[in-house]
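Asks: Here's a sequence, model it:
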Amino acid sequence: MWAECWDMLHERLLEIVARHVELLDRVREEGVDFDDVLKFYAVLHALQIHAQAAADYLLHTCAVMGISAETPISCITHLLNRGFISAEEADVLRRMVRFRNIIVHGYSAVDPDKVVNLSQGDLSASCL
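Replies: Take a look at the predicted model:
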């Protein structure tokens, strides 16, 4: 029973991540008028949900593997140290989690240019 619930959660989190990747791909391909504040915040929200689902997926993965990790950042470190993800992947994931934290906890600190760049697929260190 518990294994089935864990599997369902795992699949649900992957679906959320995939759906938001598709949405953000569409934003990148079709473009968005970021001068329209509603569209800007829609993209910002999509980035937040995507990052949150990825963080939840990481924590779920660590739990299933028996790795005690209290935060997504610590989970990333454990997965890196065990060789499940590369240093480059760990770096992108850490920056994504930190950007999500800025969105959730400090709207005034969100740089609109970074949101635009992220929506266009820029995952460089200067964006996250």
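Asks: Just give me the residue closest to the centre of this protein.
Replies: Ala51 (1.9 Å; C-alpha atoms, centre = their mean).
Asks: Show the contacting residues for that one.
Replies: 96-97, 99-100, 103 (C-beta atoms under 8 Å, 6 or more residues apart in numbering). Yep, even glycine has a C-beta here, placed from its N, CA and C like the rest.
Asks: Now, those residues that are in helices?
Replies: 96-97, 99-100, 103 (DSSP state H).
Asks: Now flag whichever of those is closest to Arg12.
Replies: Arg100 (18.4 Å; C-beta to C-beta).
Asks: Just give the nearest non-adjacent residue to that closest one, would you?
Replies: Ala51 (3.5 Å; C-beta to C-beta, 6 or more residues apart in numbering).
Asks: Next one: the one you found from Asn81, what distance?
Replies: 22 Å (C-beta to C-beta, to the nearest Å).
Asks: cool, and Leu38?
Replies: Counting by C-beta to C-beta - Leu38 and Asn81 are separated by 42 Å.
Asks: again with Ala109
Replies: 30 Å.
Asks: Could you list the low-pLDDT ranges of the protein?
Replies: Low-confidence segments of the chain (pLDDT under 70): 1-3, 5-6, 9-10, 107-108, 122-128.
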